[in-house]
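Undergrad: Have a look at this prediction, sequence included:
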Amino acid sequence: MDVDAYVAAHHLEWARLERLINRSRKLSGIEIDEMVELYQRTATHLSVVRSASPDPVLVGRLSSLVARGQATVSGSHAPLWRDAGRFVTVSFPAAAYRLRWWWLSIAVIGNLISLAVAIWIVQDPAVQASLGAPSMVRDLVNHKFASYYTDHQASAFAFQVWVNNVWVSAQTIAFGILLGIPVVLVLFANQLNVGVDAGFMFAYGKGDIFFGLILPHGMLELTGVYLAGAAGLKLGWTIIDPGGLPRGRALAAEGRAMATIAIGLIGVLCVSGLIEGFVTGYVPVTWLRIGIGVLAETAFLTYVIRFGRQAVRAGATGDEGLTPDTVPVSA
């Protein structure tokens, strides 16, 4: 065997493995997979060199590299608290911040749809009559809309709302795999419901009650819905336009980033669920209820902007498999 030719053929792989080992605590999912594959290849190379070359320097170098690779691949993982801390301060805010224009656009368009539906209902009694009998509508605006938040024990109601919102958000993100078409339908249906309720409440002079009960939890809850919708649409768009990556690899990387959003929304929607369960129906002062909602929404947006901008500037994406050393190829 020509040792020099063998070294020339594989020295870049060995150098890359060494770099990955040195950065092992900061590797993305794709880089970890790459490190494992390079470690296995280098172990094979060591076996070949041992059997065909008497060069002790080369054998020693590869033996050390394989030993380090084995220790890194099979060694202990970082503490769970460190992974959790990185998720909260880097991965989730980076994924959310990267989609900021997507969910801002969804929020603007969605609320314009709700506003248009509400105005249509308020201004046209025929539309009101077509959507429900007058007695049913009166029952809604006078009793059911407000009693919805107090009919059940606060803790049970908060838990039910939280689970339902998490499930809907997860479905919305998953629907992105179908080119995002079902995501649009889910978002439209949500805004339509908001517009119909607003239209009826304002038509019967109950607009203040509508905003007084919707805004405390609704600001953060709808922000979570818009973020989930943005994640689903981005996933669908990646199928259409994978950018400079092969379609399968781009979809896998984007899918992991969107899964980061799904997990992060569990916490966000927990907060909105607690507000809906313990604040919306039980805090009697309207300005205080809305103030709590504004505080929660402001805290979330500040968190995403501060930590997300910093993480994205450092190269984080929510899935750090979108590495800058990827060679662009045609789709």
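TA: Sure thing, it's come through.
Undergrad: Tell me how far stretch 214-224 lies from the chain's centre.
TA: Offset of stretch 214-224 from its chain centre (C-alpha atoms, centre = their mean, to the nearest Å): 17 Å.
Undergrad: Roughly how far does Glu297 sit from Pro216?
TA: To Pro216, Glu297 is 10 Å away according to C-beta to C-beta, to the nearest Å. C-beta coordinates here come from the backbone N, C-alpha and C atoms, glycine included.
Undergrad: Who has more neighbours out of the two?
TA: For the pair Glu297 and Pro216, the greater number of neighbours falls to Pro216 (28 against 21), based on other C-beta atoms under 10 Å.
Undergrad: give me every residue that touches the more buried one.
TA: 275-276, 279-280, 283, 289-290, 292-293 (C-beta atoms under 8 Å, 6 or more residues apart in numbering).
Undergrad: what's the most distant pair in those?
TA: Maximum pairwise distance among the contacts of Pro216 (C-beta to C-beta): 13.3 Å, between Glu276 and Ile290.
Undergrad: Those two: who's more crowded?
TA: The neighbour comparison of Glu276 against Ile290 (other C-beta under 10 Å) goes to Glu276, with 28 against 19.
Undergrad: Identify the spatial nearest neighbour of that one, chain neighbours not counted.
TA: His217 (3.7 Å; C-beta to C-beta, 6 or more residues apart in numbering).
Undergrad: what comes up buried for the helix or strand containing the one you found?
TA: Under the criterion of DSSP states H and E, His217 resides in helix 207-240. Across helix 207-240, burial judged by 16 or more other C-beta atoms under 10 Å covers 209-239.
Undergrad: Would you mind identifying the next helix or strand past it?
TA: Using DSSP H and E, the next helix or strand after helix 207-240 towards the C-terminus is helix 247-275.
Undergrad: ok and that next one relative to helix 207-240, angle-wise?
TA: Using axes from the mean of the first three to the mean of the last three C-alpha atoms, to 10 degrees, one finds that helix 247-275 and helix 207-240 are set 160 degrees apart in direction.
Undergrad: pLDDT averaged over helix 247-275 - what is it?
TA: Mean pLDDT, computed over helix 247-275, is 92.
Undergrad: Where does the prediction get shaky in the protein?
TA: 1, 53-54, 75-82, 320-331 (pLDDT under 70).
Undergrad: Any figure for the gap between the residue nearest in space to the middle of it and Phe307?
TA: Closest residue to the average C-alpha location of the chain: Ile261 at 1.4 Å, with C-alpha atoms, centre = their mean. Here Ile261 is placed at a distance of 14 Å from Phe307 (C-beta to C-beta).
Undergrad: any idea which element Val184 lies in?
TA: Per DSSP H and E: helix 181-203 holds Val184.
Undergrad: Please put the alpha-carbon coordinates of that helix into PDB.
TA: Once non-C-alpha atoms are left out, helix 181-203 reads as follows in PDB (Å, rounded to 0.1, in the frame of the first residue of the first chain):
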ATOM      1  CA  ILE A 181     -52.300  24.200   2.700                       C
ATOM      2  CA  PRO A 182     -54.100  22.900   5.900                       C
ATOM      3  CA  VAL A 183     -52.300  25.400   7.900                       C
ATOM      4  CA  VAL A 184     -53.900  28.200   6.000                       C
ATOM      5  CA  LEU A 185     -57.300  26.600   6.600                       C
ATOM      6  CA  VAL A 186     -56.700  26.300  10.300                       C
ATOM      7  CA  LEU A 187     -55.600  29.900  10.700                       C
ATOM      8  CA  PHE A 188     -58.500  31.100   8.600                       C
ATOM      9  CA  ALA A 189     -61.000  29.200  10.700                       C
ATOM     10  CA  ASN A 190     -59.500  30.500  13.900                       C
ATOM     11  CA  GLN A 191     -59.700  34.100  12.700                       C
ATOM     12  CA  LEU A 192     -63.200  33.600  11.400                       C
ATOM     13  CA  ASN A 193     -64.400  32.400  14.900                       C
ATOM     14  CA  VAL A 194     -62.800  35.500  16.500                       C
ATOM     15  CA  GLY A 195     -64.500  37.700  14.000                       C
ATOM     16  CA  VAL A 196     -67.900  36.100  14.400                       C
ATOM     17  CA  ASP A 197     -67.700  36.400  18.200                       C
ATOM     18  CA  ALA A 198     -66.500  40.000  18.000                       C
ATOM     19  CA  GLY A 199     -69.200  40.900  15.500                       C
ATOM     20  CA  PHE A 200     -72.100  39.600  17.700                       C
ATOM     21  CA  MET A 201     -70.700  41.200  20.800                       C
ATOM     22  CA  PHE A 202     -70.300  44.600  19.200                       C
ATOM     23  CA  ALA A 203     -73.700  44.300  17.400                       C
END
